[in-house]
Structures are given as structure tokens and as C-alpha cells.
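In: sequence and predicted model, in that order:
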Amino acid sequence: MAQPQTLVDKLWAAHEIVPREDGQSLLWVDRHYVHEGSFHAFSRLAERGKAVAEPDLTLAVADHYVPTRGPRHAIANPDIARMVRQVEENTAKHHIKLFGLDDPRQGIVHVVGPEQGWTLPGLLIVCGDSHTSTHGAIGAYAFGIGASEVAHVLMTQTIWQRRPKRMRISVDGVTAPGVAAKDIALAIIARIGADGATGHAIEFAGGAIRALSIEGRLTLCNMSIEAGARCGMIAPDAVTFAYVKDRPFAPQASAFDQAVEAWSKLNSDEDAEFEREVSLDGSEIAPIVTWGTSPQHASPIDASVPDPVREPDPARANDLRDALGYMNLSPGTKLADIAIDRVFIGSCTNSRIEDLRAAAAVLAGRTSKVPGLVSPGSSTVKRQAEQEGLDRIFRDAGLEWGESGCSMCVGINGDIVAPGERCASTTNRNFRGRQGPGARTHLMSPAMVAAAAVSGHLSDVRPLLAGRKI
Amino acid sequence: MEKFTQLTATACPLDVANLNTDQLLPARYLKWPRSAGLGKVLFQDLRFDQDGRERAEFALNRPAWRAAKIIVAARNFGCGSSREAAVYALYDYGIRCVIAPSFGDIFAGNAVQNGLLAAIVTDATAAHLLGRLDRMPELPVTVDLEQQAISFAEFRCDFSIDPFRRLRLLNGWDDIALTESFREQISAFKDNDRSRRPWAVPVKEN
């Protein structure tokens, strides 16, 4: 009998072109996403006078540098304007489809890909962005690469990889109302650490994962990289197939039915072995916030800022002291007592329609005590949110309803958090200076950001949801 | 790409875990072309305060380590963003080797593409080196890729690296030339795959 295989093994085998004896393999790439930041790779192509091997398997979006507040075409900063222009020029030259500023499908690459059916189960997907792990939520093998590898994929439609170790993270039980995929992600990272999954491909499994919508699964797989994983994935199921059906670039009609037949086999065999297994009880997960400068610095909202003195490992104690120094927090402070200056709802982690609905459910009829920006994940999400009247709820609460892009998650379009300001944010990285030099970031779910907005400080969303439809 | 065989140089200790690529190169410099000089903004916000004054406490600002070609770091060096420009910044500053117990996967891949050695040592070895460098900052460290060995005064240890990456660094191999030698296999795979997985091709837009 054939050896039982994990989902990762099956996806790997389907893409392997040339295995080397030293463990590296040349893999076929089904989809390649590029963006403004891919300019180094296009320069390399130009230096070598090479063409793009498979332009039809390459899709470009303008997301990292596009303005997300105010007019989209009058980019004041000439360097930022150049970044947006460059991706237009490079994609036109190489006959690559671009969802640029004028395209109604424009948005963040990791939102747009699944939304348009460009991302499908069973595909190997790469992009010069670490959050490419997001696409694993659809049952794809998806990972971020650097600029040289982007150039390699453009020129050859292949990539060299070492087979990752297999790790299964099972979350069983039923999560409580007010606990979102982001809380599951932060609970996992707090447990295994920011390098807990280095060198591994994570398969998320268990009842609490199956119960997640595709939006929730995208959030969870998005955060795999924050645990150091090469990629994260969830075996495709009926929820996945229903999501993919009728998306513009997905197989249609009988071709779709045939695809579903193939996709249904993409799961780990019963006796398949994983190098590492981790399990969590979903019913024990509370809403979580970060208090430090790494996503592993995360605790339930009813906890307090940890005390470095109580940390027995000196290196960890130092790490804590540094983090608390940067965040300007004292040990023992209740997390729910930390006052904030601003909120941000957006990014490839949490800007999909379900995220906006979750935040709006808390904000409806209430006012934000701090300023903030809501940046929908794609122009499609933006239109849908407006049809549902969510923009109205955000505006009435006093928040700014912006355009789609990476925005204040990384701040390279100019939308930054001011030095010293504290921001409750639905993004993925609370690194020093991530949202701007000197900015202090607290990561949490969209509903928790909304709760922080209406309270003016970090706050448990659960009491605020009493009597509300969520 | 420049080959890496052996290097003897001063080594700067950076005893910080999870030193992510946002610290190596803050996002606001990502729009710079490499020719703008990314080395001068390496670790910008750790090396300099908001007024552009050097932070004396940052190790790379100490006289003994300014010209270091090696960095010894703690776990998970280069985690986070995939920005390859973080490696350009290290390399253009003059760094040729980073020694740490673990690296961000994408960073380690980017390093080999640019002739930068990411050498993996045990937690204990990293801690030992970090401590010794603090006491003997000027003493050079030798990193030998052929032997996969590090020596520092009387101290000797091995390091690990993916064998394929080691070969590429030792020979200064270009992976694109290597891949192109498999052109026939790639083309055969593609033809076969189109009938095996017809659904894997995106639907044409109307």
C-alpha cells in the first residue's frame, strides 16, 4: 500500500519537476502575483534582456504604494508616484495583466487573488510578499519569496525549494462569540513563538478551523508567517468549493465540477505523519491583544502586561524589557487599561467584508473616542460594504472610510502612525516602527479594534456585543 | 554573484531575538533603488535617533564593530517581511556573514542569492560567541564555508547550512543558469500537467 501522505506531500508531489539528491527540488509555479515592490526583479530581467516565461500565469496589482485616503491619482510624493507608475510600465512591457489604480478589481494582492478566483485549491502560488501564506486558506501551497526569486519565477515559472517539515495545528472545540480567526492566530503564535514554525509547512485542522468561513481561514493562514512558517494551509472542503464557485477566473460549469473532484482528494491521509503536532482547545481562546513588539507578545484581554523580573530566562527578560520600553508600558498594567490614540482597520490580514461587518457590528450607533482609518481590502470589498451601509456606520462613528491598499499596515504609501502614538490595529506586525517611526502597535481582531475605538482603550469586545446580531 | 569561501573579520554581536527585516531596513527605504546606497540606512532606526544622531548603545556604532563583516545574532534573525533589500543593505554596509541559531526562511533564501552566508549554530554556541565578543570585541572571527567551521581565539565550532545553498555560495552559482539547464524537463512537465490538471490554468477573460 502507498505510504499515507499529508496535504503538503500531495501538493509538493504535484509540482515537483526535478528533485536533487541534496533535498532541493525544482517546482512548477501555477500563479505568480507581482506588485509595485517587484521592481528589483523587473530590473534584473531588463539587465539580462529576458522575457517573462508565462505572462498568463502572472497577475499584478497596485497595492503597497497606492494612496488610501483622499484622491488616488494626485500622488504628491514623486517617489511614491514613481512606484505606482513603474508597475504599470513593467507589466505593460511584459504583457502581464494589472489591476491598477483605475481597475474596479484593484485591492490588496492577498484579498484580490482569492476574491477573483485567481487563487484556487491545489495550486502552487508565490509572490514577493511574506503574507502570501494567506492563499493556503483555499487549499493552495503558497509562500512569500524575495526579489531574486521573483526574477527567477518571472524568467522560468519555477522555483527551487527544500521540502518543508510538516506541522499540524489542530484547534478543536467551539470558539465563543466575539472570538475571531485573529484570536486563534494570536493564541497559536503566543503558544509556539514567532519562530515556532520555522522551516515548517503548517496544516490547520480541527473543528474550530472547519467552522471558520473562508475570510477567517485567510486571516489565519495569513498569520502563519508570523509564527515563522514557510506556509500555512487548510484542506479544501465544501466551504472552499462554495467560495470558489463562479469566481471570475475559476473553472466554470462542468470544468468546475471536474476540478472539485480533483480538489476533494487534497487532504491528509488518515495515518499521515507530521514532524510536529500542536493542539489547542478553541473553547478556551479569549479575545487577544498584543502588548509588545513581536506577534508572540500576545495575551488575553483580561491579562496584564508581563513583568520581566518574573522571566527566568535572561535573554527573554531582556527582550521583554526592550519591548516594554519601546511600547512605554509598565509591568502589571491591566491590558484593558491601556489608552490608545488611534485605530486602523485594514491590511491583508483583516480587511475583507466579514472583517468590516464584525467591526461595524460593534460600532453601530456608537462613537469612536479616537481618530481612525478603515481601509477596505479591495475595491470590490469597498463597493459591497457601501451596498450594505457599513461605510455609513464607520463614518457616523467618526472614522475615516478610505480606499483599498496596504495603507497603514506598513505605511509606505505615506499613511503612518505618528511617533509615540499608540494604535489598535487589525494588521499583522507590531514590530518597532512598522506603522511609522516610533509608532506603537497593538494587534487584535476587527471587533476588538472597534471595541478599543468606542472605549478609548484596549477593551474586551464581548460585553459590547450583548444584544447585538453578530 | 561573488563566491564565499572563507572570511576572517571582526564580528559584531547583536543579542536581540527576532530581529526582523523591518529593523534591518525600515519600509520607507524600500522605494530606493539599490544604487542610492542602502548600506547607509542599514538598521537606521536602531543606529540613529529621530534627529539622526547615532545611538551610542547600538553595537554597530561602537568603534570596534563599525567595520565588522560578520554579525552574530540571536534566534530568528531576519524574520518578517520578504524584502530582499534588507540583504542588500547588510551586504552594501559590508556584512558578508550572519551567524545565528535560526533565520527567517525567506531571509535565508534571499541571503544565498546575494552571496551573504547565513550560518546556523546552536543556541549554546550563539550565546557563547555573543558573550565572548563582548569581552574581546577586536578579536577576529574566521568562518570557513568549505569546512563549515567557525573559529574564534581557541574556540572552534561547526555550523550548518543547506547543502545546495552551500554549493551555490562556494561556486557563486547563478540559479537562473542552473534552472535553464533543465529547460526540457520543465517543458515536458508543463505539457503533461496541462492534461493532468486542466483546471490549474486561469480562465481567459471575456
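Out: Ah, there it is. Residues are numbered from 1 along each chain as shown, chains lettered A, B, ... in the order given.

In: what helix or strand is the residue nearest in space to the middle of chain B located in?
Out: Nearest to the mean C-alpha position of chain B, by CA atoms, centre = their mean, lies B:Ala111 at 3.9 Å. Applying DSSP states H and E as the criterion places B:Ala111 in helix B:105-113.

In: distance between the ends of stretch A:19-28?
Out: With CA to CA, to the nearest Å applied, stretch A:19-28 spans 12 Å between its terminal residues.

In: number of nearby residues for residue 169?
Out: All of this refers to chain A. 28 (other CB atoms under 10 Å in any protein chain shown). (C-beta placed from N, C-alpha, C; glycine too.)

In: actually chain B
Out: Around B:Leu169 there are 24 other residues, counting by other CB under 10 Å.

In: next one: it from chain A, what distance?
Out: Using CB to the nearest CB, to the nearest Å, B:Leu169 is found at 14 Å from chain A.

In: that residue: which element?
Out: Taking DSSP H and E as the definition, one finds B:Leu169 inside helix B:163-171.

In: and B:Phe189, by the same measure?
Out: helix B:183-196.

In: please name every helix or strand in contact with that helix.
Out: Packing contacts for helix B:183-196, counted by 3 or more CB pairs under 8 Å, 6 or more residues apart in numbering or on different chains; DSSP states H and E, involve strand A:16-19, strand A:24-28.

In: surely A:Ala190 and A:Ala298 touch.
Out: Yes. A:Ala190 is in contact with A:Ala298 according to CB atoms under 8 Å; the separation is 4.2 Å.

In: and for those two, which residues touch both?
Out: Shared contacts of A:Ala190 and A:Ala298, defined by CB atoms under 8 Å, 6 or more residues apart in numbering or on different chains, are found at A:Ile288.

In: which of those two has more neighbours?
Out: Taking neighbours as other CB under 10 Å, A:Ala190 and A:Ala298 compare with A:Ala298 leading, 25 against 19.

In: distance of that one from A:Ala323?
Out: Counting by CB to CB, to the nearest Å, the gap from A:Ala298 to A:Ala323 is 12 Å.

In: which residues do the two both contact?
Out: A:Trp291.

In: which residues of the stretch 351-470 of chain A fall in helices?
Out: Secondary structure of the stretch 351-470 of chain A (DSSP state H, counting those that start in this stretch): helices located at A:353-363, A:379-387, A:390-396, A:446-455.

In: any chance of CSV for those, columns distance to chain B and mean pLDDT?
Out: Converted to CSV, the helices of the stretch 351-470 of chain A look like this (distance: least, CB to the nearest CB, whole Å; pLDDT from 0 to 100):
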stretch, distance to chain B, mean pLDDT
helix A:353-363, 22, 98
helix A:379-387, 15, 98
helix A:390-396, 26, 98
helix A:446-455, 21, 98
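
In: out of the ones you listed, deepest packed?
Out: Comparing these by mean neighbour count (mean count of other CB atoms under 10 Å in any protein chain shown), helix A:446-455 ranks first with a mean of 29.

In: which strands and helices lie in contact with that one?
Out: Packed next to helix A:446-455, using 3+ CB pairs under 8 Å, 6+ apart, are helix A:181-192, strand A:342-345, helix A:353-363, strand A:422-425.

In: out of the ones you listed, flag the one nearest A:Pro71.
Out: Nearest to A:Pro71 among the helices and strands packed on helix A:446-455 is strand A:342-345 (20.4 Å), distances taken as CB to CB.

In: strand partners (parallel or antiparallel) of that closest one?
Out: strand A:372-374 (parallel), strand A:422-425 (parallel) (DSSP bridges).

In: flag the shaky bits of chain B, pLDDT-wise.
Out: Applying pLDDT under 70 to chain B flags the ranges B:206.

In: that one: helices as residue ranges?
Out: Per DSSP state H, chain B carries helices over the ranges B:21-24, B:44-47, B:85-93, B:105-113, B:123-135, B:163-171, B:175-180, B:183-196.

In: now these in JSON lines, with distance to A:Ala238?
Out: JSON lines is the format used below for the helices of chain B (distance: least, CB to CB, whole Å):
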{"stretch": "helix B:21-24", "distance to A:Ala238": "38"}
{"stretch": "helix B:44-47", "distance to A:Ala238": "47"}
{"stretch": "helix B:85-93", "distance to A:Ala238": "41"}
{"stretch": "helix B:105-113", "distance to A:Ala238": "32"}
{"stretch": "helix B:123-135", "distance to A:Ala238": "44"}
{"stretch": "helix B:163-171", "distance to A:Ala238": "40"}
{"stretch": "helix B:175-180", "distance to A:Ala238": "38"}
{"stretch": "helix B:183-196", "distance to A:Ala238": "24"}
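
In: figure out which of the ones you listed is closest to A:Gly389.
Out: helix B:21-24 (36.6 Å).

In: is that closest one positioned near chain A?
Out: Yes. Counting by CB under 8 Å from any CB of the partner chain, chain A is contacted by helix B:21-24 at B:Asp22, B:Gln23.

In: which strands and helices sit next to that helix?
Out: Judged by 3+ CB pairs under 8 Å, 6+ apart, the packing partners of helix B:21-24 are helix B:85-93.

In: need the helices and strands packed on helix A:446-455 in CSV with distance to A:Phe394, can you?
Out: Below are the helices and strands packed on helix A:446-455 laid out as CSV (distance: least, CB to CB, whole Å):
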stretch, distance to A:Phe394
helix A:181-192, 19
strand A:342-345, 8
helix A:353-363, 7
strand A:422-425, 15
